[in-house]
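*Asks:* Below are the sequence and a predicted model for it; my questions follow.
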Number of protein chains: 2
Amino acid sequence: MQKPTILVTNDDGITAPGIRNLVKFMNEIGDVTVVAPNSPQSGKGHAITINQTLTFEEINLEGPQKDYALSGTPVDCVKFALDKILTSKPDLVVSGINHGANSSINVIYSGTMSAAVEAGVEGLQAIGFSLLDFAWDADFSHAKEFIQKIVRNVLENPLPKGVVLNVNIPKLAASEIKGIKVCRQANAKWEENFDERINPHGKKYFWLSGYFNNMDEGEDADETALAEGYISVVPVKFDLTAHEYIAELGQILNS
Amino acid sequence: MQKPTILVTNDDGITAPGIRNLVKFMNEIGDVTVVAPNSPQSGKGHAITINQTLTFEEINLEGPQKDYALSGTPVDCVKFALDKILTSKPDLVVSGINHGANSSINVIYSGTMSAAVEAGVEGLQAIGFSLLDFAWDADFSHAKEFIQKIVRNVLENPLPKGVVLNVNIPKLAASEIKGIKVCRQANAKWEENFDERINPHGKKYFWLSGYFNNMDEGEDADETALAEGYISVVPVKFDLTAHEYIAELGQILNS
């Protein structure tokens, strides 16, 4: 039986420990090609590079896979891989493992998840993985069995058209993880609190800063599952239409 | 009666004709503050500025409104306006008028729509407006009556929590526009075709390029409405959960 072909990308950059671990886990399952940003791209959301040009390099990293570093965003990486690197559509696209959570509303800011969503738009099976640990030297070893289980499951049971997965993994020992829970995106947001400073020339400048505000205690919300020690899996779609509101809005706007 | 307070932003930059027209239209309805990018930010999606600092300037432009130019993305502008510029939450946030369509899948790449979505995440009423004309000297005059009608309607009939509007306006004379149609996001995508070139030093570089592929002839899809001469209004939500797939996925992953 032919091994599945797997495209790996991320938003922390091609040399981040998170993606190197994911590549190792995927090499045990399929034929892997990596096309990932050549620099950190956190918080880039679904940005694409329109007003600048892109370059790429093949680089040599440990393992049997091919690695290509692109000067763009995570979404650029998926588009570029499909058009210029891969000779056929991959069986699966995985993004991550992100250093830090992409649960709840973070799905819309996350370059990791936007790469997975872009793959979904392209009609491909796609999963984004994130670990609830921002540290560069985070321990990803406990994630292996769960990530491989989810990947094998998706390869065997393809996701419906228009759906990709957002997987978040608690910072716990494997033995402490209670299991995998399929959830909805929690209702949460960031409360802004820009950090104001003065530069050496006397001009004000700001760092985007704030704190995370989870407003959702629902048992079926991803934040709840993570707090309870589960790996959260949210099926994510990119038809953003609020279908349930179309009829009422039509009446309001045409009255 | 007190006039409504309106925050205006965009992704083409604070001096773009699209936003200057929108400001003029909004000055007739409310008290306007503009916080917009100091440079073009098209295709920035929901990007936020994490690894760089931000600066802003108050600038003097025609009209009674205050104008602030920020060195960030459209989403940064909304966050910064709420935390550092406005003294209270605005009654409405409008974004645009974008030079170019943001219908169908473009909602996820669009800085214009991401600013509106960010305002929605903040719990605010929000609308993104786009004109189907990329030209810098596009004619926005026919859009006025429709934009003002939609804005007044939303101020009188607030959108439900978690919903913002994506409004696209055909490039037609006002007399040729058939009306306003509430639609769903069409199933469409961009087919990549990166433009490959060689720089003076012999190195390959690429421009992201491609063509738009509408795969959706549905009468209720925004692309169809626009092709037929309607203004399309899609209610957009940012709970990306594919709720209808949670139960089945739970069985698959825990089997």
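*Replies:* Okay, I see it. The structure presented is a predicted model; accordingly, all values stated were derived computationally and were not measured.
*Asks:* Flag every buried residue along stretch A:212-230.
*Replies:* For stretch A:212-230, the buried set under the neighbour-count rule, 16 or more other CB atoms under 10 Å in any protein chain shown, comprises A:214, A:216, A:221-226, A:230. Glycine gets a C-beta too; all of them are placed from N, C-alpha and C.
*Asks:* Sorry, slip of the keys, the one I care about is stretch A:118-132.
*Replies:* A:118-122, A:124-132.
*Asks:* Please see if that stretch touches chain B.
*Replies:* Yes. Applying CB under 8 Å from any CB of the partner chain, one finds stretch A:118-132 in contact with chain B at A:121-122.
*Asks:* now that stretch: how far from the chain's centre is it?
*Replies:* Centre-to-centre, stretch A:118-132 and its host chain are 6 Å apart (CA atoms, centre = their mean, to the nearest Å).
*Asks:* where along chain A do the helices fall?
*Replies:* Per DSSP state H, chain A carries helices over the ranges A:17-27, A:74-80, A:111-121, A:144-156, A:222-227, A:246-253.
*Asks:* follow-up on the earlier one: now, the buried residues of stretch A:118-132 that are in strands?
*Replies:* Under the assignment DSSP state E, the buried residues of stretch A:118-132 contribute A:126-131 to strands.
*Asks:* For residue A:96, state which of those residues is nearest.
*Replies:* Closest approach to residue A:96 among those (CB to CB): residue A:129, at 3.6 Å.
*Asks:* Not counting sequence-adjacent ones, nearest residue to the closest one?
*Replies:* Leaving aside its sequence neighbours, residue A:129 sits nearest to residue A:96 (CB to CB, 6 or more residues apart in numbering or on different chains; 3.6 Å).
*Asks:* What is the burial count for the one you found?
*Replies:* By other CB atoms under 10 Å in any protein chain shown, the residues close to residue A:96 number 32.
*Asks:* Repeat that for residue A:87.
*Replies:* Residue crowding around residue A:87 was assessed by other CB under 10 Å; the count is 6.
*Asks:* before we move on, the earlier item: ok, so of the ones in strands among the buried residues of stretch A:118-132, who is nearest residue B:252?
*Replies:* Nearest to residue B:252 out of those is residue A:127 (CB to CB; 13.1 Å).
*Asks:* What number of residues are in the vicinity of the closest residue to residue A:58 other than its chain neighbours?
*Replies:* Closest residue to residue A:58 apart from its sequence neighbours, by CB to CB, 6+ apart: residue A:68 at 5.5 Å. Neighbour count for residue A:68, taken as other CB under 10 Å: 20.
*Asks:* need the contact list for residue A:68.
*Replies:* Residue A:68 makes contacts with A:33-36, A:56-59, A:81, A:85, as judged by CB atoms under 8 Å, 6 or more residues apart in numbering or on different chains.
*Asks:* Try it again at 10 Å.
*Replies:* Neighbour list for residue A:68: A:9, A:14, A:33-36, A:38, A:56-59, A:77, A:80-81, A:84-85 [criterion: CB atoms under 10 Å, 6 or more residues apart in numbering or on different chains].
*Asks:* so of the residues you listed, which ones are in strands?
*Replies:* A:9, A:33-36, A:56-59.
*Asks:* Could you report the distance from the residue nearest to residue A:58 to residue A:36?
*Replies:* Applying CB to CB, to the nearest Å, the value for residue A:68 to residue A:36 is 8 Å.
*Asks:* now residue A:153
*Replies:* Distance of residue A:153 to residue A:36, computed by CB to CB: 24 Å.
*Asks:* Between the two, which has more neighbouring residues?
*Replies:* Shown here are residue A:153 and residue A:36; by other CB under 10 Å, residue A:36 has more neighbours (27 against 18).
*Asks:* Nearest spatial neighbour of that one, chain-adjacent residues omitted?
*Replies:* Per CB to CB, 6+ apart, closest to residue A:36 is residue A:14, 3.9 Å.
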